[in-house]
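Chemist: Got a predicted structure plus its sequence, pasted below:
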Amino acid sequence: MTIIKKTPNAIRLQKQREALRRGDIATVKKLAKEAANELFEKGYVRANPAFPWILKDWLDKAIQEGVLVRTSTGFHPVLDESIREEVIGYKGRKPIVEKLVNSYSKYEDFCTRYEKHLEERRKKEFNEK
C-alpha cells in the first residue's frame, strides 16, 4: 500500500473547506492570507486580470516583450490585429473582396512558455525532495 503525503497546500485547502462548511469566515480569510504570503515569499506577484499569480521576473519579461500592458485597472494582454482583404470571386472583371480580421496574440505564446517554465520548475523541485 502506498502512503501519499499531503502537501502543506493540500492540508491548508482542506482546513479552508472545513472552516467554510462550519461558516467560520475568519479562519478561511486567515488561511487565504497565509497562502498569499507564502506565494509572495516564493517570488510571485499579483497581475490581475491577465494572471492571478505570476513570477516577478516573468511579469517584467512580459512587459518588456510588449505582451502585457499596465493600466489603472491592472495588467492586460496586448492583442495584435490586422485586417487583410481576400478575393473570394469575381463579378465580371470586378473582384469580390472579403475583409478578414487576423488576430494573433503574443499573449498566448507567452502563456505557453510560462506554463512550460512552471512545469520544469515543479519537476526540479520534486526531484530535489
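Modeler: Sure thing, it's come through.
Chemist: what about K29, distance to K56?
Modeler: Here the criterion is CB to CB, to the nearest Å. By it, K29 lies 25 Å from K56. Placement of C-beta: from N, CA and C, glycine included.
Chemist: which parts of the biggest helix by length in the chain are buried?
Modeler: Counting by DSSP state H, the longest helix found in the chain is helix 106-128. The neighbour-count check on helix 106-128 (16 or more other CB atoms under 10 Å) flags 106-107, 110-111, 114 as buried.
Chemist: How many residues are close by the closest residue to D57 other than its chain neighbours?
Modeler: Spatial nearest neighbour of D57, excluding adjacent residues (CB to CB, 6 or more residues apart in numbering): G43 at 7.5 Å. By other CB atoms under 10 Å, the residues close to G43 number 11.
Chemist: how about the nearest residue to I88, chain neighbours excluded?
Modeler: I88's closest residue in space is E98 (CB to CB, 6+ apart), at 4.9 Å.
Chemist: Could you confirm that neighbour falls within a strand?
Modeler: Yes: the assignment for E98 by DSSP: H, G, I helix; E, B strand; the rest coil puts it in a strand.
Chemist: Distance-wise, check it relative to R17.
Modeler: E98 is 53 Å from R17, by CB to CB.
Chemist: In this protein, which residue is most central in space?
Modeler: The centroid of the chain falls nearest to F51 when counting by CA atoms, centre = their mean (3.8 Å).
Chemist: Since that was my last question, I'll sign off now.
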